[in-house]
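Trainee: next come a sequence and a model predicted from it.
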Amino acid sequence: MMDVGHDILAAASGSLVGFTLGLIGGGGSILAVPLLIYVVGVSSPHIAIGTSAIAVATSAAANLFGHARLGTVRWPCALVFAAAGVGGAAAGAHLGKLVDGHRLLALFGTLMIVIGASMLRPRRHAGDPNVRLTRESAPRLLPLLVGLGFLVGLLSGFFGIGGGFLIVPGLMSATAMPLINAIGSSLVSVTAFGLTTAVSYAWSGLVDWLLAGLFIAGGAVGGFAGIWASHRLSGHKRALSLVFATIVIAVGLYVVGTSLMP
């Protein structure tokens, strides 16, 4: 049973993740595991991964509803990518539980550095807004959607992250859909991968449900604040993304350094 101080830290950490998601449209989930370990004080990296997976899936499902209402989700492509990735996420979660906690943290920190570096590159806004998964396009699109979906799901399950920054470029590479459609469609996979990872870890008793609830509640409040700030700072999104990328890289370096210390 956590004390009040831990409860507050958990809600505040969730709020920070939600705020980041609302502000720049992604990336907050990559901070969830380090926050749970180094701020909230979760001693087991595996419990931190399992617990964060619940929070990530819940946040993604809420955001998916909004994108679906705006019509930005390309459902056939999104569902195929997610279905292929669920198998990868299940395999990744199983493998992640077999890896020593400190070694898993070192690999996680390395992934943070790679993702942070990729965020420094400008996003492409061009694409084919009319892309559809049809009988005619299936021979071209299906192999890419299935292959990239499984690979991204594997990484998502292994590290217990939503994987939005992996899924978005994966969808764009597979289908050439525009960025806005890739962001909306990616939330189908983030939700599915997060739930798959969470079920796997919960089955092994590696989810702190009270902590997950506090994290989700804080994330909801932070998400509203992030969306409000996003509208206020809409002309500075690129600068905000660069600042966040720098933070992700710095935290990744810290995680790697800490996990390798004797």
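Mentor: In hand now; what should we look at? Numbers count the residues shown, from 1 in each chain.
Trainee: need the contact list for Leu211.
Mentor: 2, 10, 36, 40, 42, 51 (CB atoms under 8 Å, 6 or more residues apart in numbering). C-beta coordinates here come from the backbone N, C-alpha and C atoms, glycine included.
Trainee: then Ile115?
Mentor: Counting by CB under 8 Å, 6+ apart, Ile115 makes contact with 27, 30, 165-166, 248.
Trainee: any of those buried? List them.
Mentor: Among these, those scoring as buried are 27, 30, 165-166, 248 (criterion: 16 or more other CB atoms under 10 Å).
Trainee: re earlier: need the max-distance pair from the contacts of Ile115.
Mentor: By the measure CB to CB, Leu166 and Val248 form the most distant pair in the contacts of Ile115, at 13.3 Å.
Trainee: can I assume Ile249 is in contact with Val114?
Mentor: No: here Ile249 does not reach Val114: they are 9.2 Å apart, not a contact under CB atoms under 8 Å.
Trainee: between these two, who's got more neighbours?
Mentor: Taking neighbours as other CB atoms under 10 Å, Ile249 and Val114 compare with Ile249 leading, 19 against 15.
Trainee: tell me which element that one falls in.
Mentor: If you go by DSSP states H and E, Ile249 is part of helix 237-260.
Trainee: please name every helix or strand in contact with that helix.
Mentor: When contacts are defined as 3 or more CB pairs under 8 Å, 6 or more residues apart in numbering; DSSP states H and E, helix 237-260 sits against helix 4-24, helix 32-35, helix 101-119.
Trainee: flag the shaky bits of the stretch 151-262 of the chain, pLDDT-wise.
Mentor: Within the stretch 151-262 of the chain, the segments meeting pLDDT under 70 span 230-231, 234-235, 237, 241, 262.
Trainee: now do the helices in it.
Mentor: Ranges of helices in the stretch 151-262 of the chain, per DSSP state H, counting those that start in this stretch, are 164-175, 179-203, 209-232, 237-260.
Trainee: out of these, nearest to His6?
Mentor: helix 209-232 (8.0 Å).
Trainee: list the buried residues in stretch 71-78.
Mentor: Quick answer for stretch 71-78 (16+ other CB under 10 Å): 72-74, 76-78.
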